[in-house]
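Trainee: here are the coordinates; sequence isn't available:
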C-alpha cells in the first residue's frame, strides 16, 4: 500500500458543551496542524499516488473554509461539539467529496482511503480514517 | 476509525543482557517520549473518543510508575530485557487495564484498540498495538 | 552563558484590529506552543541555572492565566492587538516578575535574561528577549 | 503487533517527466528523511523485534546506494519517474531483500512487514508498506 | 528584542568542488527547510514586528528564485560552492534588499536584523545573521 | 555571523544530589539529543564554516566518551551533579579542545564560538555557549 501525506494548518475559535471539557467550555481557540494522507494500492502512469502539489492545494482549499473563523457561529456546526476528532472527520469527508468530484484528477478516483490527523498542540492530536 | 493521541515522557536507567546489545549491556539510560493512541469506531454523546485531558492524566499516572527509576531493580522486570518494544507493550497493557477499570469513563469502555510508541531518540522508536 | 528551556502550551481565542491582518480580523484562535528560556552566566551550588521542574511549573502558572480564554474579553488586553510578539513579551514580563519575587528560589535571582518564543503553527513563531 | 522504526536520510538530484509535475520537471533535488519500520507479531529471546543498531546500519547501507547521486543517471531508474512514493517502495524492497538474506539475523526472518516513509520536506511525505 | 520567524522550503540540485566534500562532489540535491527571522527592537502601531502573512509571502518569493533548479547552472553561482551556509547568506541578503525596498511596508524599514537558517536534513543546518 | 549545527545523541544513567531534584535523586537516565553549533565570522576558501561531515564525526567522537555509561561511576564526574546544563558545558569544552587541536582542520581554528544544546525530552533542554 502506498500513501502520500501533505501538511497545512488552520486557526479557529470555538467552545465546548459538556462537563467533561472543564475550562474548554469557555470560548477559546486552537491552531490545528493538519496532516492529510491519501492511500492507494498502485501507482499511476506518472508513478505517483496523487500529485503532492495538487494534494497540497486541495487541503488548503478545504481548510480555507474553516480557518480564521469562530466555529460556534458556523451553521454547519450548530449544536455540535467541534472536537478535534470531529473536525478530523469533517476535513476527511470534505477531502473525500472533492476527490470523488475529480479534484485530484482521474488518479484520485483510484484512491483507497483518506486519513486526516489534527495536531492541536505538541502533545495532543486526533485522527480519522475512512475508505473512498 | 477515530483516534486520539497524547504525549508524555519518562526518564529511566537500565541495562541489557545479550551480545546483540553491544555497549548497551552496560548500565545506561533513556528518555522515552511516549505517544499513547486510543482508537474507537464511533464518537460518544460529547462527540469525542476519549477526553484528551483525562487521557493525558492516565498516561502520566502509568508513566509515573516507571520514571526516575532504575528498571534493573524493579521486581516487575527481574530477568527481563526492558527493550523499547517490551516497554511499549508494558505501557499499553497498563493503559488497557485502566481503561477496562473505567479510568477513562464509560466512553473508554467502547475503545477498540490502544497503540503506544516510545521514541528513544530523534532517530529510533518502538511501538506496540493491541485490541481492547 | 548557560540557559535552560522548558515548553508548554496555551489555547486562546482573539481577533485583531487593522487592515494588515486580513482575515485574522475575525474572531479566531490559536494554540501557542511556548518555549521559555532562562539564561545565566554561572551555575549554582547544585550545578544548575534553574531547576527544570520548577521552571516548568512557573511557565504553567503564567500560561494558566491565559489558556482557554478569549483574549478580547480580558481587561489586560483592552484596546490591544494580542499579536504573537506582544504575547511573547507579556509572558516574558510575567515570568520576570515571578523570578524577581523568588518563585525560582535564590538561584532565580542570579538569572541574566529571559527569552520567550510562541510557536503559533509549524511555520510561524514570534519571540521576545529581555534582561532581568 | 510490535514495530521498531529507525531514521536516516539521503540527498539526491533528479527530474520528472510529465506535465503534472510542473517546475519539478527541471533537474532539482531533495533531502529524503527516511523512516524504516520493521513489524513483527512477537519478540525474540532477547525481547526485541530487531536490534535497533543493526536496523540502523541496514538502512544506512541501503540509502548509501542512492545518496549523493543524480538518480536520472542510474541504470536502475532509466525511464522511471523517481517519485517519493516510488523511492519509498524501492527502499522497502531493498530492505526486504536484505532481511530475507539474514542481514538482521534469524530474528529478521520472523518479521511480518516493512514500512518506509520518505519525508521530502516539513510538509510532504510518501510511504510504502509491504509484507515479508 | 522582538523577532518573528516564518518557515518555507526549496528543493535544488548542485555539486561541490573540493576534496573536503567527498561524495558531495557528485551532482546531488537537497531540500532546504528555511527559517527566516526578522528582528526589531520595538513593535509598530499594529503591535507587530512584521506581518507574518507578508513575511511568509516575501520568503516564498525569494525561495522561488532557487527552488526546482540546478544551482550549478545559475549564473549567480558560477564558480561558487553553494554550501548551506553560503545559501543562508544568499537568502538573507535577498530578504534584506526586499525589506529595504519596502516589501514589508514601512514597519520593515525599522527592522534591526535578519537571520536565516537552512535545515538540510534532520541532523544538519547552517545559518547566517546580518544587520539591516 | 555564520553557523553550522549538527545533531547526534547519547544515552546515559546518573543520579543527582540535592533536595531540589526530588525524584531525580534516584538513579535514572536520559537520552540527550545534542545540537552542536560552530560559529564563524567568515567562510573559508571552500565557502564553508566547517565541513558538516567532519563536524558530525567530531560530535560523535565526543559523545562516544559518555554514551551507554553510568555517569555516577566516571571519575570525571565524581562529586559532581551531571545536570543537563553542566553536560552541555562538558561537551562544548571537549569540542573546543578538539577544534584547537586541529580536528576540524585549519578552518576550525578560525571559529569564533561553540554552542551546545542538550534536549533531555520534548519539553526541556539546556545549553551552553562559549568563545574559542
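Mentor: Cool, the structure landed. All values derive from a computational prediction rather than experimental measurement.

Trainee: flag every residue of chain A that's near chain B.
Mentor: Residues of chain A found near chain B (C-beta under 8 Å from any C-beta of the partner chain) are A:16, A:18, A:20-22, A:24, A:80-86, A:88-89, A:120, A:122-129. From N, CA and C alone the C-beta is placed, and that goes for glycine too.

Trainee: ChimeraX command to pick out the buried ones of these?
Mentor: Of the residues of chain A next to chain B, the buried ones go into a single ChimeraX selection, burial set by 16 or more other C-beta atoms under 10 Å in any protein chain shown:
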select /A:16,18,20,21,24,81,82,83,84,85,86,88,89,120,122,123,124,125,126,127,128,129
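
Trainee: after the helix or strand of chain A with the lowest mean pLDDT comes which helix or strand?
Mentor: Taking mean pLDDT, DSSP states H and E as the measure, chain A has helix A:105-108 as its least confident helix or strand, at a mean of 80. Next helix or strand after helix A:105-108 toward the C-terminus (DSSP states H and E): strand A:113-121.

Trainee: residues in contact with the helix or strand following that following strand: which ones?
Mentor: On the C-terminal side of strand A:113-121, the nearest following helix or strand under DSSP H and E is strand A:124-131. Applying C-beta atoms under 8 Å, 6 or more residues apart in numbering or on different chains, the contact partners of strand A:124-131 are A:83-85, A:87-89, A:92-93, A:96, A:112-120, B:1-7, B:49, B:52, B:56.

Trainee: make a ChimeraX selection of whichever of those residues turn out to be buried.
Mentor: The ChimeraX selection below is limited to those of those classed as buried (16+ other C-beta under 10 Å):
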select /A:83,84,85,87,88,89,92,96,113,114,115,116,117,118,119,120 /B:2,3,4,5,6,7,49,52,56
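
Trainee: how about stretch A:2-12, does it reach chain E?
Mentor: No. Applying C-beta under 8 Å from any C-beta, one finds stretch A:2-12 out of contact with chain E, separated by at least 10.9 Å.

Trainee: quick check: mean pLDDT of that stretch?
Mentor: Averaging pLDDT along stretch A:2-12 yields 98.

Trainee: any idea how far it is from the chain center?
Mentor: Centre-to-centre, stretch A:2-12 and its host chain are 7 Å apart (C-alpha atoms, centre = their mean, to the nearest Å).

Trainee: tell me which parts of chain A are close to chain C?
Mentor: Near chain C, when you scan chain A using C-beta under 8 Å from any C-beta, you find A:7, A:9, A:11-14, A:23-24, A:26-33, A:67-70, A:120-123.

Trainee: thinking again about what came up before, gap between the least confident helix or strand of chain A and the chain center?
Mentor: The chain centre lies 19 Å from the centre of helix A:105-108; the measure is C-alpha atoms, centre = their mean.

Trainee: then stretch A:27-45?
Mentor: 6 Å.

Trainee: now do stretch A:40-54
Mentor: Offset of stretch A:40-54 from its chain centre (C-alpha atoms, centre = their mean): 20 Å.

Trainee: could you list the buried residues of that stretch?
Mentor: For stretch A:40-54, burial by neighbour count (16+ other C-beta under 10 Å) applies to A:40, A:43-44, A:46-52, A:54.

Trainee: so which of these sit within strands?
Mentor: Using DSSP state E, residue A:40 are the members of those that sit in strands.

Trainee: from the buried residues of stretch A:40-54, which ones fall inside helices?
Mentor: Those of these mapping onto helices are A:52, A:54, per DSSP state H.

Trainee: kindly reformat the buried residues of stretch A:40-54 as JSON lines and extend each row with distance to chain F.
Mentor: Listed next are the buried residues of stretch A:40-54 as JSON lines, based on distance: C-beta to the nearest C-beta, whole Å:
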{"residue": "A:40", "distance to chain F": "32"}
{"residue": "A:43", "distance to chain F": "33"}
{"residue": "A:44", "distance to chain F": "37"}
{"residue": "A:46", "distance to chain F": "34"}
{"residue": "A:47", "distance to chain F": "31"}
{"residue": "A:48", "distance to chain F": "31"}
{"residue": "A:49", "distance to chain F": "31"}
{"residue": "A:50", "distance to chain F": "31"}
{"residue": "A:51", "distance to chain F": "32"}
{"residue": "A:52", "distance to chain F": "26"}
{"residue": "A:54", "distance to chain F": "33"}
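
Trainee: closest to chain C out of the buried residues of stretch A:40-54?
Mentor: residue A:52 (16.6 Å; C-beta to the nearest C-beta).

Trainee: leaving out sequence neighbours, find the closest residue to that closest one.
Mentor: residue D:124 (5.0 Å; C-beta to C-beta, 6 or more residues apart in numbering or on different chains).

Trainee: indicate the residue of chain A located nearest to chain F.
Mentor: residue A:122 (6.6 Å).

Trainee: measure that residue to residue C:8 for me?
Mentor: Per C-beta to C-beta, to the nearest Å, residue A:122 is found 9 Å from residue C:8.

Trainee: mutual contacts of these two, please.
Mentor: C:33, F:123.

Trainee: which element is the most centrally placed residue in chain A on?
Mentor: By C-alpha atoms, centre = their mean, chain A has its centre lying nearest to residue A:91, at 3.1 Å. Following DSSP H and E, one finds residue A:91 within helix A:84-100.

Trainee: that helix near chain D at all?
Mentor: No. Helix A:84-100 stays clear of chain D (C-beta under 8 Å from any C-beta), getting no nearer than 15.5 Å.

Trainee: model confidence over that helix, on average?
Mentor: Mean predicted confidence for helix A:84-100 is 98.

Trainee: residues contacting that helix, please?
Mentor: Helix A:84-100 is touched from outside by A:30, A:32, A:34, A:36, A:38, A:58-59, A:61-63, A:65-66, A:76, A:80, A:104, A:108-109, A:111, A:114-118, A:120, A:124-130, A:132, B:2-4, B:43, B:47-49, B:52, with contacts defined as C-beta under 8 Å, 6+ apart.

Trainee: now the angle between strand A:113-121 and it, please.
Mentor: Helix A:84-100 and strand A:113-121 are oriented at 140 degrees to each other (axes from the mean of the first three to the mean of the last three C-alpha atoms, to 10 degrees).

Trainee: quick one, helix A:84-100 and strand A:124-131 angle?
Mentor: In terms of direction (the same axes, to 10 degrees), helix A:84-100 departs from strand A:124-131 by 40 degrees.

Trainee: helix A:84-100: how far from the chain's middle?
Mentor: Its chain's C-alpha centre and that of helix A:84-100 lie 5 Å apart, by C-alpha atoms, centre = their mean.

Trainee: repeat for stretch A:75-93
Mentor: 10 Å.

Trainee: first-to-last residue distance for it?
Mentor: In stretch A:75-93, first residue to last residue: 17 Å (C-alpha to C-alpha, to the nearest Å).

Trainee: over to stretch A:75-82?
Mentor: 12 Å.

Trainee: what's the answer for stretch A:102-110, then?
Mentor: Stretch A:102-110 has an end-to-end distance of 10 Å (C-alpha to C-alpha).

Trainee: buried set for that stretch?
Mentor: For stretch A:102-110, by 16+ other C-beta under 10 Å, it's A:103-104, A:107-108, A:110.

Trainee: what about the residue located most distally from the centre of chain A, distance to chain B?
Mentor: In chain A, counting by C-alpha atoms, centre = their mean, residue A:45 sits farthest out from the average C-alpha position, at 27.3 Å. Here residue A:45 is placed at a distance of 31 Å from chain B (C-beta to the nearest C-beta, to the nearest Å).

Trainee: in which helix or strand does the nearest residue to residue A:67 once chain neighbours are set aside reside?
Mentor: Excluding the flanking residues, the one nearest residue A:67 by C-beta to C-beta, 6+ apart is residue A:10, at 3.7 Å. Residue A:10 is part of strand A:2-14, with elements assigned from DSSP H and E.
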